[in-house]
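Visitor: no sequence on this one, just coordinates:
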């Protein structure tokens, strides 16, 4: 035992000390980070659930199964189900063209992809009202064709599309740029066609990044408030998404209802978060030896 | 399959990568495209593979235009410098790729694919590594997988883009000898791009020397080494000593040295220079030739390299001699010796290159 203890002491003395901060400083820093995390992230989420269940489970259940709440949930899911695949295609096409080809206007395209991040969501909502609304540029033409876009579901989808457009492309561009085009070129010389190259070579290389982008895009599509609020018209049971419905309930002093519906959104967010962590874990561990030599 | 490249031009924006390049590659030969970086050798290879579209000129395979053929119909095996293995696939799947992507009617059955992959693994001596991923292999192993993958489709041409460039010297030497044996076994027309003159001279039947988008010289390794057509080739294929002087009546006067240049006897008085390889410089102490000072002595295995300096102009020269001759000579640093070129070539100033 003594010999063992002596040796381990010698080893720890010989090992270079990388971290030099005293214990107190480390505790303070970690404590600060944890306190911040609790105050601003965990406490609010707990608050949502305690408020939601404040008047008992029956009241919660009633608020959640209220037809208007259910309609809002349905609309939110439908919007996400349309927006995410469309942006998946857009993101893939944009990242593919930027990473694998050279063309005039490439830098402009990269800048434009970021535009939705730079503009306030309320402004992007307004843009679509001015563009597609009854008095907007394309409004009369749309009306003549019998299409109602603003203050209706298509408008919500379009503005959500705009706001969430950068997520997948942003995730894929650096990844595909780093990978270059050599593997694809190898596939082509080996006789693969365009689709075969995409399915067998490109997609397996980007699948984790792609999935991560999809999850982020989905989270934003379900949670978007500003842009949707402008174009929706707040017609209960028809053009209210979950975030809009929460706002209405809150403005009516129906706190239990507001928090109950919020808890639905929070649950969706939690599911997304778990999915995201899983993807991150998988992409770091599969195949187990991928990063060994990197 | 023979390849003919006729007047091929390729530009990238304002940069001309290939100026009017023409080249004949006979069936079954191993050709090395040799040149410094930026000389257009890789571009030429990629044009032949169909990975790059050329601006004008034609590429003929067995006399037929390849331009309208998709790379996959050209049956060209291409090996990239950085291997370009499919990272997410095993060695087995990498080699099987070319067979699996064939259209259904000509796609081999699963057992046939397995048999063929095994054959390729035997060929590149990677038995037992079929289930590894590329990142679990060494550089040399990865490049052999890349070669097996290219050979699995039974290509009619094999194109290698600096295949050993990223490997260390020892592995490189082994692999290029192995490649030469493989080529003798398979007899596929092969083009090897390299910037390593030793590699090109050792492996190839024919060496094509390229510079700034043009072909400088084509010939057997011996031809291009022994009779370089211009100063660039001289310089690129090894070290060269330059003797500047004045040419009169087919004789080049360089200090106290006179070099015979009968091929230039027609020319009048002109500035010219002679090119001499270090091992073609005879070093003696008998007072004949150009007086030089020994500045440094390097013993490299069986050879000795002398760093010399001309006594008249101070220009540096280099001589190489076998260790035995060096010991017989018995020279020391800062001693005066005399050099005479055993073999040389005279070029006029302003001659291309």
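Guide: That came in fine, so what should we check first? Predicted model, so just to flag it, every value in this text is computed and none were measured. Numbering: from 1, shown residues only, chains lettered A, B, ... in the order given.
Visitor: So which residues of the stretch 1-150 of chain B form strands?
Guide: B:3-12, B:15-25, B:30-34, B:56-61, B:64-65, B:76-79 (DSSP state E, counting those that start in this stretch).
Visitor: Now tabulate those in TSV and tack on mean neighbour count.
Guide: Glycine gets a C-beta too; all of them are placed from N, C-alpha and C. TSV is the format used below for the strands of the stretch 1-150 of chain B (neighbours: other CB atoms under 10 Å in any protein chain shown):
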stretch	mean neighbour count
strand B:3-12	18
strand B:15-25	18
strand B:30-34	26
strand B:56-61	16
strand B:64-65	11
strand B:76-79	27
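Visitor: List the buried residues of stretch B:248-257.
Guide: Residues of stretch B:248-257 classed as buried by neighbour count (16 or more other CB atoms under 10 Å in any protein chain shown): B:248, B:251, B:252, B:254, B:255, B:257.
Visitor: nearest residue to the fourth one other than its sequence neighbours?
Guide: The shortest distance from residue B:254 to any non-neighbouring residue, by CB to CB, 6 or more residues apart in numbering or on different chains, is to residue B:245 (3.7 Å).
Visitor: Quick check: neighbours of the helix or strand encompassing that neighbour in the sheet, parallel or antiparallel?
Guide: Here residue B:245 sits within strand B:241-248, counting by DSSP states H and E. Partners of strand B:241-248 in the sheet, by DSSP bridges, are strand B:251-254 (antiparallel), strand B:270-276 (antiparallel).
Visitor: what sits up against it?
Guide: With contact meaning CB atoms under 8 Å, 6 or more residues apart in numbering or on different chains, strand B:241-248 is reached by B:231, B:252-255, B:257, B:259, B:261, B:264, B:267, B:269-278, B:281, B:317-318, B:341, B:344, B:346, B:348.
Visitor: that older thread, quick one, which of the strands of the stretch 1-150 of chain B is nearest to chain A?
Guide: Closest of the strands of the stretch 1-150 of chain B to chain A is strand B:76-79, at 4.1 Å (criterion: CB to the nearest CB).
Visitor: Just give the number of residues close to the residue nearest to residue B:254.
Guide: 18 (other CB atoms under 10 Å in any protein chain shown).
Visitor: okay, it: pLDDT?
Guide: For residue B:245, the model assigns a pLDDT of 89.
Visitor: Give the residue spans of the chain that score low on pLDDT.
Guide: Since you didn't name a chain, this refers to chain A. Within chain A, the ranges that satisfy pLDDT under 70 run A:1-19, A:285-294.
Visitor: I was thinking of chain B, sorry if that wasn't clear
Guide: Filtered on pLDDT under 70, chain B yields the residue ranges B:71-72, B:351-353.
Visitor: And for it, the residue most distant from the center?
Guide: residue B:105 (41.1 Å; CA atoms, centre = their mean).
Visitor: need the contact list for the residue nearest to residue A:263 when sequence neighbours are not counted.
Guide: Excluding the flanking residues, the one nearest residue A:263 by CB to CB, 6+ apart is residue A:52, at 4.4 Å. Contact analysis of residue A:52 by CB under 8 Å, 6+ apart lists A:60, A:63, A:256, A:259, A:260, A:262, A:263.
Visitor: ok, now with 10 Å
Guide: A:59-60, A:63-64, A:255-264, A:266 (CB atoms under 10 Å, 6 or more residues apart in numbering or on different chains).
Visitor: Kindly report the same for residue B:6.
Guide: Counting by CB under 10 Å, 6+ apart, residue B:6 has contacts B:20, B:21, B:22, B:23, B:24, B:56, B:57, B:58, B:59, B:60, B:65.
Visitor: The fifth one is in contact with residue B:218, isn't it?
Guide: Yes - the pair residue B:24 / residue B:218 is scored as a contact, 8.5 Å apart, by CB atoms under 10 Å.
Visitor: and chain B, what are its domains?
Guide: Annotated domains of chain B cover B:3-236, B:241-348 [automatic domain parsing].
Visitor: deepest of these, which one?
Guide: domain B:3-236 (a mean of 19; mean count of other CB atoms under 10 Å in any protein chain shown).
Visitor: roughly how far is it from the heart of the chain?
Guide: With CA atoms, centre = their mean, to the nearest Å as the basis, domain B:3-236 stands 13 Å off its chain's centre.
Visitor: related to what we said a few turns ago, could I get the domains of chain B as JSON lines with distance to residue A:195?
Guide: Output for these, formatted as JSON lines (distance: least, CB to CB, whole Å):
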{"stretch": "domain B:3-236", "distance to residue A:195": "10"}
{"stretch": "domain B:241-348", "distance to residue A:195": "55"}
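Visitor: So which bits of the helix or strand encompassing residue A:50 are buried?
Guide: Counting by DSSP H and E, the element that carries residue A:50 is helix A:43-52. By 16+ other CB under 10 Å, the buried positions in helix A:43-52 come out as A:48, A:49, A:51, A:52.
Visitor: For chain A, which residue occupies the most central location?
Guide: Short answer for chain A (CA atoms, centre = their mean): residue A:216, at 2.0 Å.
Visitor: List only buried entries from the contacts of residue A:52.
Guide: For the contacts of residue A:52, a burial check counting by 16+ other CB under 10 Å picks out A:60, A:63-64, A:256-264, A:266.
Visitor: Looking at the residues you listed, which one is closest to chain B?
Guide: For the buried ones among the contacts of residue A:52, the nearest to chain B is residue A:266 (35.9 Å; CB to the nearest CB).
Visitor: mind listing what the closest one touches?
Guide: Residue A:266 is in contact with A:44, A:45, A:48, A:49, A:52, A:259, counting by CB under 10 Å, 6+ apart.
Visitor: among those residues, which two are most distant?
Guide: A:44 and A:52 (12.5 Å; CB to CB).
Visitor: centre of the chain versus the helix holding residue A:50, how much separation?
Guide: With CA atoms, centre = their mean, you get 22 Å for helix A:43-52.
Visitor: residues contacting residue B:12?
Guide: Counting by CB under 10 Å, 6+ apart, residue B:12 touches A:102, B:18, B:43, B:52, B:55.
Visitor: With distance to residue B:162 added, can I get these in JSON lines?
Guide: JSON lines is the format used below for these (distance: CB to CB, whole Å):
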{"residue": "A:102", "distance to residue B:162": "23"}
{"residue": "B:18", "distance to residue B:162": "17"}
{"residue": "B:43", "distance to residue B:162": "13"}
{"residue": "B:52", "distance to residue B:162": "16"}
{"residue": "B:55", "distance to residue B:162": "24"}
